[in-house]
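Asker: Could you look at this predicted model? Sequence included:
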Amino acid sequence: MKIHPSVIDHFTDAARVYDERNRQLAPIADNMHFLIRLILKNAPVRARVLCVGVGTGAEILSLSKLFPEWTFVGVDPSIGMLDVCRERLSNAGVLNRCELIHGYVQTCL
């Protein structure tokens, strides 16, 4: 994971409970993931997808199930969120297809 030293982390303490706190929003997230899959369904078989504000990795988890050859770059300013994301991606067996970057999109350019 690349780390950018000037990033302020507002989610370090909240990262572990973020998904649980937002569980009531699951139907909205499920619909959003469905729409993302529809939009990206015609991407190349070996696409590389950028997830800005990757958070706990929900979008990567959703997409990685349907597109097994895709790789992902996840960017987030929160180390805590990236730690949770890394753990979830590892548990799902897709971490080897992901690069996680601590920072903002501008730090990736």
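Answerer: Good, I have the coordinates. From a predicted model like this one, the values you see are computed outputs, not experimental measurements.

Asker: Quick check: what element follows the longest helix that the chain contains along the chain?
Answerer: If you go by DSSP state H, the chain has its longest helix at helix 26-40. The element immediately downstream of helix 26-40 (helix or strand, assigned by DSSP states H and E) is strand 48-52.

Asker: in its sheet, what does that following strand sit against?
Answerer: Taking DSSP bridges as the criterion, strand 48-52 forms sheet pairs with strand 71-76 (parallel).

Asker: Next, Lys65: secondary structure please.
Answerer: Reduced to three states with DSSP: H, G, I helix; E, B strand; the rest coil, the structure at Lys65 is helix.

Asker: what about it, neighbour count?
Answerer: By the criterion of other C-beta atoms under 10 Å, Lys65 has 11 neighbours. Every C-beta, even on glycine, is put in place using the N, C-alpha and C of the backbone.

Asker: how much space between it and Val49?
Answerer: Using C-beta to C-beta, to the nearest Å, Lys65 is found at 13 Å from Val49.
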